[in-house]
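Provided below for reference: sequence and predicted model.
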Amino acid sequence: MEKSKVVVVTTGGTIAMRYDPARKGVFPAVTGPQLVEAVPPLEDICSPEVEEFSNIPSPHMTPELMLKLAQKLDQILTREEVAGAIVTHGTDTLEETAFFLDLICKAEKPICITAAMRSGSDISPDGPHNLLCAVKTALSPEASGEGVLVVMNEEIHTARDVTKTHSANPKTFASPGWGPIGYVDKDAVIFRRKSIRFPRIPAMEVISDVHLVKMAAGADSLLLQCLAEKKVRGVVLEGLGRGNVPPAALPGVEAILNNNIPLVLTTRVPSGRVLDVYGYPGGVKPLKEKGVILGGDLSGPKARILLMLVLSITNDLEAIASYFNDPGASNLA
Ligand code: ASP
């Protein structure tokens, strides 16, 4: 029987890096074909094809490049003979690229993103096994329609929930509060739940002038005032707890709102939603009444990605807010 075609789109990251003794550091060094050749069992389960998109560390990834990557993936996945696509990526911004692709890609065929925490010159690099697990996942019929999946350390995570939780350990990706959607065993790919996705955003461009500001005890208005004066296109604020903001930051919040700049509120806490529970100054109740958009349980970086895409199709504040409605929530109020 003919083996299914899987296209591996390489973008860079530690999975494509090696230690360079001359420069005493880890640098991009591995080509796309070399990445695939390093995993001989791939040939047993599929017919792999390589597409080299870039070879950059993921801190160099940009929303503009993510858009190009999404367009490339849609092109690849319209080819009838292609069963699914794999993206190799650096781990630092992987969750943002995964969510971006999940929001915009048209394809229902599987897209799995994988990476490595250990480079090719470390002892026991994790990249080859992660790549094999990502391909096995993409070949699994249950992966279709589940959106972009992150496959690392034998676990499968949804783009919406996944986040990097450790700066060095290979068991770094987790979906706090939810857990993986499935896992990869030697003989099978096992799914345990369905993913609930945001509706697709038919964006043809991305508005990258959207900024993320994190709150902390005693935080003031300096950064927010600066963004208001610059008349940026959008701001995401990572508040405290349920989304609350220190009083000294309130003049900055008002400056943003007075300039009709969409302001999306998230929480710096890794799990749980923002909600208008507290009515004291800086509480989410008065912030919501002033026009702040509640970002649900999206992390700040993911809310920023969503706002960048939404702003490319509407500037209407009410319409923007509607994109932040949680697709898994049924309101009881
Ligand atoms: N700094 C690297 C990157 O994100 C880390 C990695 O790939 O694991 O490109």
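In hand now; what should we look at?

just checking, residue 8 touches residue 32?
Yes: here residue 8 lies in contact with residue 32, judged by CB atoms under 8 Å, at a distance of 6.7 Å. For the C-beta atoms, the positions are set from N, CA and C on the backbone; glycine is no exception.

Which of the helices or strands spans whichever residue of the stretch 51-200 of the chain sits closest to the ligand?
In the stretch 51-200 of the chain, the residue that lies nearest the ligand is residue 90 (2.1 Å; CB to the nearest ligand atom). Under the criterion DSSP states H and E, no helix or strand holds residue 90.

In contact with the residue of the stretch 201-333 of the chain found nearest the ligand, which residues are there?
Relative to the ligand, the nearest point of the stretch 201-333 of the chain is residue 301 (13.5 Å; CB to the nearest ligand atom). Counting by CB atoms under 8 Å, 6 or more residues apart in numbering, residue 301 makes contact with 93, 95, 96, 212.

residues from the stretch 51-200 of the chain in reach of the ligand?
By CB under 6 Å from any ligand atom, the residues of the stretch 51-200 of the chain that approach the ligand are 57, 58, 90, 91, 92, 115, 117.

Identify, from these, the entry nearest to residue 276.
Closest approach to residue 276 among those (CB to CB): residue 92, at 33.2 Å.

and that closest one, that one's in a helix?
No: the assignment for residue 92, made by DSSP: H, G, I helix; E, B strand; the rest coil, is coil rather than a helix.

Counting neighbours, which of the residues of the stretch 51-200 of the chain next to the ligand comes out on top?
residue 115 (29 neighbours; other CB atoms under 10 Å).

and the gap between that one and residue 320?
Taking CB to CB, to the nearest Å as the measure, residue 115 falls 31 Å from residue 320.

just residue 1 next, same as before
When residue 1 is compared with residue 320 (using CB to CB), they lie 49 Å apart.

who has more neighbours, these two?
Per other CB under 10 Å, whichever of residue 1 and residue 320 has more neighbours is residue 320, with 19 against 3.

Checking the more buried one next. Helix, strand or coil?
helix.

which one's the longest helix in the protein?
In the chain, taking DSSP state H as the definition, the longest helix is helix 63-78.

Tell me the gap between that one and the middle of its chain.
15 Å (CA atoms, centre = their mean, to the nearest Å).

which intervals of this structure have sub-threshold pLDDT?
Counting by pLDDT under 70, the chain shows low-confidence ranges at 332-333.

Report the contact partners of the residue of the stretch 51-200 of the chain closest to the ligand.
By CB under 8 Å, 6+ apart, the neighbours of residue 90 are 11, 12, 13, 14, 15, 56, 57, 58, 59, 61, 115.

May I see the residues you listed arranged in TSV, with secondary structure as well?
Below are those laid out as TSV (three-state DSSP):
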residue	secondary structure
11	strand
12	strand
13	coil
14	helix
15	helix
56	strand
57	coil
58	helix
59	helix
61	coil
115	coil
